[in-house]
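Visitor: Generate a structure from the sequence data that follows.
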Amino acid sequence: RKHLRPLLPLSSTRTGRCAMHPLVRDLYKRFLFVGRDYPGGLDLVRRKAKEGFRQNALLADEVEIKRAVARGRWMVRELHGVIKLRKYRDMKQRFYDQ
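Guide: Residues are numbered from 1 along each chain as shown. Below is the predicted model:
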């Protein structure tokens, strides 16, 4: 049987540190989801995302957190654009003579 962790409030955990904000957790999941198709690979996206999250780990103000999340979502959209461009170029190379 799996060991289940007790649910803890967002404000604190056993270590005394604040838990991850739900918007931040959602953004990290978006990065991992998009990273699966990214030309550089999931490992590159995960490493870069972790660097960005660690740089903003000490943000406490709700407005600053939302601003950082908005910038992160913009980055996810940019990753989508790179993926679509790569897929388009691959398709064009396969089906059209140049």
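
Visitor: so what does the helix ranked longest in the chain touch, helix or strand wise?
Guide: Across the chain, the longest stretch assigned as helix under DSSP state H is helix 62-95. Using 3 or more C-beta pairs under 8 Å, 6 or more residues apart in numbering; DSSP states H and E as the contact test, the elements touching helix 62-95 are helix 22-35, helix 42-55. Where you see a C-beta, it was placed from the backbone N, CA and C, and this is true even at glycine.

Visitor: Any idea which of the ones you listed gets closest to residue 90?
Guide: helix 22-35 (17.4 Å; C-beta to C-beta).

Visitor: which other residues reach that closest one?
Guide: 10, 20, 41-42, 44-46, 49, 53, 65-66, 69, 72-73, 75-76, 79-80, 83 (C-beta atoms under 8 Å, 6 or more residues apart in numbering).

Visitor: What count of nearby residues applies to residue 67?
Guide: By other C-beta atoms under 10 Å, the residues close to residue 67 number 13.

Visitor: Residue 34 too?
Guide: Using other C-beta under 10 Å: residue 34 sits among 20 other residues.

Visitor: Need the pLDDT of it.
Guide: Looking at residue 34, its pLDDT reads 94.

Visitor: Use 683 as the first number for this chain going forward.
Guide: All set: I'll call the first residue 683, so the last point we hit is now residue 716.
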